[in-house]
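*Asks:* My questions concern the predicted model and sequence given below.
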There are 2 protein chains.
Amino acid sequence: MSLNLTILGCHSATPRANAFPTSQYLVINNKHFLIDCGEGTQRQMRKYKVGFSKIDHIFISHLHGDHFYGLVGLLATYGILSREKELHVYGPKDIKEVTLLQLKISQSHAKYPIIFHELKSKESELIYEDDKVSVITIPLNHRVYTNGYLFTEKEKPKKLHIQNISNYKEIGKADYLNIKAGRDVVLSTGEIVPNSELTINPKKPISYAFCSDTSYKPNIIPIIQNVDLLYHEATFLADKEDLAKKTKHATSKQAAQIAKDAKVGQLIIGHYSGRYKDISLFQKEAKEIFENTELAEPGKIFKIE
Amino acid sequence: MSLNLTILGCHSATPRANAFPTSQYLVINNKHFLIDCGEGTQRQMRKYKVGFSKIDHIFISHLHGDHFYGLVGLLATYGILSREKELHVYGPKDIKEVTLLQLKISQSHAKYPIIFHELKSKESELIYEDDKVSVITIPLNHRVYTNGYLFTEKEKPKKLHIQNISNYKEIGKADYLNIKAGRDVVLSTGEIVPNSELTINPKKPISYAFCSDTSYKPNIIPIIQNVDLLYHEATFLADKEDLAKKTKHATSKQAAQIAKDAKVGQLIIGHYSGRYKDISLFQKEAKEIFENTELAEPGKIFKIE
């Protein structure tokens, strides 16, 4: 059970020499995901040594350029790299048409299958699940249809506490399934051995919520409650709350309020507007409401063991 | 009369941390052009301080991703920057459809007009002309329909050599148009004053030929004959001539042969395949055939005064 999140890009749309639009590389429970793919993402992946072939699932929050203009270049590169295995792309309706047209016109797509999962629901839904991780959408409120994504490790079964079990000669392998399922054992003497004595609890599953772009939207709180790590956009400082509302973005203060109310473990903020030269002001503002706030920066890695 | 060429990107398609796909910013006779626009071009423009608003004409050689995947991001940025004046985009058929679909789906295009000039001809044609510069296509041979572009300054009219003219009292303003047109003056004595004594020749117009991507194609030589500056792709070294032929690219040796046979002033090579770690080998190989060869590198500026 572990999480390793690499920020590839975390700035808003206006290009600057040292600004990179949104993209994140998430490894959770040994599964590898790419989240958003702004222009230049594949170059950032090379810079921060992300293994291209490890990624089989790409999640796009919305179809603004600073979140998906880098997708087609990455898919074309997979062709150059002779990829053969399936690639899954999750994102809003239209992502398939626009991506396939670009690949067709640039004659870039090779033989690996691209499977598009086009999202339309305005309710949170389960969109990915395997034996290690599940992913559900977090419906957000932006100028276009937008989803955040909640990544959660699957809970592992209880482990047998073999040493404690060996203290009871009459408990045998025939009991193991019941013990793993959480049942107590009743000995022939009538003595009850509590399950807690016979098992080791698995580690708590780690969860990560990615929320960009969105206006302040408190009704996401029930979905992201108690996550270990929350990324929430903070395009503006509180002095531009009106502009945030108008452009359907959030302020740093609002991101921190969401983190506080959802009782998350740690907050990462990003998507800073180019108007702010000193991004430490975002952290300062957020910390007044939610102390455990970190700034997204390209190349920064967040780990949970 | 002057030329200033900034290399924004000059590498082939495979992404690397310090590689940037093809794009060049050309200022010729005070007109500003962008040539090709691979992914990340707008970031390179910021890095090398190219004024976005100066560019009204963008020329795309072909629709492989490493030459045009950055176009839509740049056009979207012009929207963010509240551009109002026309932007002209020249490139192969389909460039309009794919670009407009992306802008529509990402709801990115603002109110400035984008005028697409879709090219189909396999013969060299005049595609742009104003009072300072003309641009004609250079049909190339690549895996998809591809054009290079030849930028040529307009020849200025002869200037009057006022000091010399003043030596002849009977030559007056009435003669000026004829003198500018190149005619000699016959004095009342029957003496002929040669035009060369009465005029100053304008500076020779500067010309720049951009040729990427292409296999070795000697029949471009009549088009690019005697240009001051030639950019010619050199994806491989001569030891990979077979691979160059197969992928319709050129070797450094072939680029130099074109430069030599076309009697150009200077050769710039670029579009290096990622397989070569030491790009100085490209220059070494070319110089054996054409001495005045320079390597394209991001940020490098070539000037002709």
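*Replies:* Perfect, thanks for sending it.
*Asks:* switch to C-alpha atoms for all contacts and neighbour counts from now on
*Replies:* Noted.
*Asks:* Low-confidence ranges, the stretch 1-150 of chain A, go.
*Replies:* Within the stretch 1-150 of chain A, no range satisfies pLDDT under 70.
*Asks:* Can you show me the strands along it?
*Replies:* Here the stretch 1-150 of chain A has its strands, by DSSP state E, counting those that start in this stretch, at A:3-9, A:23-28, A:31-35, A:57-59, A:87-92, A:114-119, A:126-129, A:133-139, A:147-153.
*Asks:* any chance of those strands in a markdown table, with mean neighbour count too?
*Replies:* Formatted as a markdown table, these follow (neighbours: other CA atoms under 10 Å in any protein chain shown):
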| stretch | mean neighbour count |
| --- | --- |
| strand A:3-9 | 24 |
| strand A:23-28 | 24 |
| strand A:31-35 | 21 |
| strand A:57-59 | 20 |
| strand A:87-92 | 20 |
| strand A:114-119 | 16 |
| strand A:126-129 | 14 |
| strand A:133-139 | 21 |
| strand A:147-153 | 25 |
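*Asks:* Need the nearest residue in space to the residue of the stretch 101-250 of chain A found nearest chain B, chain neighbours excluded.
*Replies:* In the stretch 101-250 of chain A, the residue that lies nearest chain B is residue A:106 (4.7 Å; CA to the nearest CA). Of all residues beyond its chain neighbours, the one nearest residue A:106 is residue B:64 (4.7 Å), with distances taken as CA to CA, 6 or more residues apart in numbering or on different chains.
*Asks:* and that neighbour, how many neighbours does it have?
*Replies:* Other residues near residue B:64 number 23, with proximity taken as other CA atoms under 10 Å in any protein chain shown.
*Asks:* Verify the contact between the residue of the stretch 101-250 of chain A closest to chain B and residue B:66 for me.
*Replies:* No: here residue A:106 does not reach residue B:66: they are 9.4 Å apart, not a contact under CA atoms under 8 Å.
*Asks:* what about those two, which has more around it?
*Replies:* Higher neighbour count among residue A:106 and residue B:66: residue B:66, with 29 against 23, using other CA under 10 Å.
*Asks:* how about the nearest residue to the more buried one, chain neighbours excluded?
*Replies:* Excluding the flanking residues, the one nearest residue B:66 by CA to CA, 6+ apart is residue B:38, at 4.6 Å.
*Asks:* Tell me how many other residues crowd that neighbour.
*Replies:* Counted with other CA under 10 Å, the neighbours of residue B:38 add up to 30.
*Asks:* Quick check: residues of the stretch 51-200 of chain A near chain B?
*Replies:* For the stretch 51-200 of chain A, the residues in contact with chain B (CA under 8 Å from any CA of the partner chain) are A:63-65, A:69-70, A:72-73, A:76-77, A:80, A:94, A:98, A:101-102, A:105-108.
*Asks:* The one helix or strand residue A:209 maps to pairs with which strands?
*Replies:* In the assignment (DSSP states H and E), residue A:209 maps to strand A:207-211. For strand A:207-211, the pairing partners within the sheet under DSSP bridges are strand A:147-153 (antiparallel), strand A:229-233 (parallel).
*Asks:* and residue A:279, which of those strands is closest to it?
*Replies:* strand A:229-233 (13.0 Å; CA to CA).
*Asks:* Tell me which helix or strand comes right after the closest one.
*Replies:* helix A:241-247.
*Asks:* Give me the contacts around that following helix.
*Replies:* A:142, A:143, A:215, A:216, A:235, A:236, A:250, A:251 (CA atoms under 8 Å, 6 or more residues apart in numbering or on different chains).
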